[in-house]
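Participant: please find the sequence and the predicted model below.
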Amino acid sequence: MSARLAPRASPLRAFARSTGLLGVYFRLSEMRRALSSARPPAVADDGKPLPGRLAMMRIGGTADWKFFYERGQATASTLVEAARSAGADPASWRRVLDWGCGCGRIARHMPTHTPATIIGRDIDAYTVKWCTENLDGDFRVSSLAPPLDLPDASIDFVYGFSVLTHLSAPMQAAWFAELGRILKPGALAALTFHDRQHPAMAWVEFRSDQDGVSLTEKTLEGSNLVAAFQDIETIERAAAPWFTLIGNMPYDMTAFEQSLAVLQRNQD
Ligand SMILES: C[S@@+](CC[C@H](N)C(=O)[O-])C[C@H]1O[C@@H](n2cnc3c(N)ncnc32)[C@H](O)[C@@H]1O
């Protein structure tokens, strides 16, 4: 089970929700959990700095730096292999977008797979600042809703790890259009999501459901407070104007506790 999806029902959380303070409660609880975790070493095996505990907590719900490093490395490989299996050649990529890059957990490993410039965009200024100061690439803050500051048809590959998992159906639909705009025709998007086969379905409580996407909370969309669950069909349907679904790796076949959709940008 991912730490982010661990059950956290508590009277205090319920009180925070009922008083409209759930977002504040959530951010404070992230800080408390980060500060009670072991400090990471300054540098990881790849010779690059590791982010601080709060940055890791904000993207993964845990400040376990070994998990951050090793899972990030394995996930980068899985995403690139999925693209390669779908016919892409990572050696030919010039510009790769890490949509929802967080503190570079995956982006830091991408140079071992492709010579492309890594472009990271994320709504979280705290984690993006760490990337700009510590990693090679073009990292900037973006908004919860499109557009991105990138030209049409300028990206060879986009991956979004655990970003759809925090967005409502209308927001997802807006992002399929935007990713379709910035990708080159025929290019791939690898996007992870929580499908309804996920074991957490046995105990999560939902507070909204729209167009087949169920959300655990309505506050702080885009953060780990909100978890979205859906079937692959909802992605295929919402992405259809721009993309064709060409791969679906279910939850129990990935090594990262989420399902993976591989979409190909339609030819114009
Ligand atoms: C669970 S974290 C994963 C971070 C990173 N992809 C990784 O795997 O380490 C989800 C990330 O998506 C970002 N995010 C959420 N909604 C976003 C949006 N609309 N545009 C860009 N980033 C977004 C969050 O700020 C957060 O950094």
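Facilitator: Perfect, thanks for sending it. Residues are numbered from 1 along each chain as shown.
Participant: tell me which parts of the stretch 51-200 of the chain are close to the ligand?
Facilitator: Residues of the stretch 51-200 of the chain found near the ligand, taking C-beta under 6 Å from any ligand atom as the criterion, are 59, 99-102, 105-106, 121-124, 127, 142, 144, 161-163, 166-167. No exception for glycine: its C-beta is placed from N, CA and C like everyone else's.
Participant: those, buried ones only, as a PyMOL selection?
Facilitator: Remark: buried members of those, expressed as a PyMOL selection using 16 or more other C-beta atoms under 10 Å:
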select buried, resi 59+99+100+101+102+105+106+121+122+123+124+127+142+161+162+163+166+167
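Participant: show me the residues of the stretch 51-200 of the chain next to the ligand that map onto helices.
Facilitator: Judged by DSSP state H, helices contain the following of those: Ile59, Thr127.
Participant: report all helices and strands that the longest strand anywhere in the chain contacts.
Facilitator: Secondary structure of the chain per DSSP state E: the longest strand is strand 183-193. Applying 3 or more C-beta pairs under 8 Å, 6 or more residues apart in numbering; DSSP states H and E, one finds that strand 183-193 contacts helix 65-85, strand 155-160, helix 232-239, strand 259-265.
Participant: adding mean pLDDT and mean neighbour count, write the ones you listed out as TSV.
Facilitator: Formatted as TSV, those follow (pLDDT from 0 to 100; neighbours: other C-beta atoms under 10 Å):
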stretch	mean pLDDT	mean neighbour count
helix 65-85	97	19
strand 155-160	98	25
helix 232-239	98	19
strand 259-265	98	24
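Participant: what count of nearby residues applies to the closest residue to Ala238 other than its chain neighbours?
Facilitator: In space, and not counting its chain neighbours, Ala238 is closest to Ala173: 4.7 Å by C-beta to C-beta, 6 or more residues apart in numbering. For Ala173, the count of nearby residues is 18 (other C-beta atoms under 10 Å).
Participant: what sits up against the helix or strand that Ala173 is a member of?
Facilitator: Element membership for Ala173, per DSSP states H and E: helix 169-182. With contact meaning C-beta atoms under 8 Å, 6 or more residues apart in numbering, helix 169-182 is reached by 97, 99, 144-148, 150-155, 158, 160, 163-164, 167, 189, 210-213, 221, 228, 230, 234-235, 238-239, 241-243, 265-266.
Participant: kindly provide the distance from the residue nearest to Ala238 to the ligand.
Facilitator: Ala173 is 12 Å from the ligand, where distance means C-beta to the nearest ligand atom, to the nearest Å.
Participant: buried stuff in the lowest-mean-pLDDT helix or strand in the chain?
Facilitator: Lowest mean confidence among the helices and strands of the chain (mean pLDDT, DSSP states H and E): helix 11-18, at a mean of 91. Within helix 11-18, the residues that count as buried by 16+ other C-beta under 10 Å are Arg13, Ala16, Arg17.
Participant: next secondary structure after it?
Facilitator: Next element after helix 11-18 (DSSP H and E): helix 22-35.
Participant: work out the gap between that following helix and the centre of the chain.
Facilitator: Relative to its parent chain, helix 22-35 has a centroid offset of 20 Å by C-alpha atoms, centre = their mean, to the nearest Å.
Participant: give me the mean pLDDT for it.
Facilitator: When pLDDT is averaged along helix 22-35, the result is 95.
Participant: for that helix, which positions count as buried?
Facilitator: Buried residues in helix 22-35 (16+ other C-beta under 10 Å): Leu22, Tyr25, Phe26, Ser29, Glu30, Arg33, Ala34.
Participant: do stretch 104-123 as well
Facilitator: 104-111, 113-114, 116-123.
Participant: what residues are up against Ser223?
Facilitator: Here Ser223 is in contact with Gly23, Phe26, Arg58, His166 (criterion: C-beta under 8 Å, 6+ apart).
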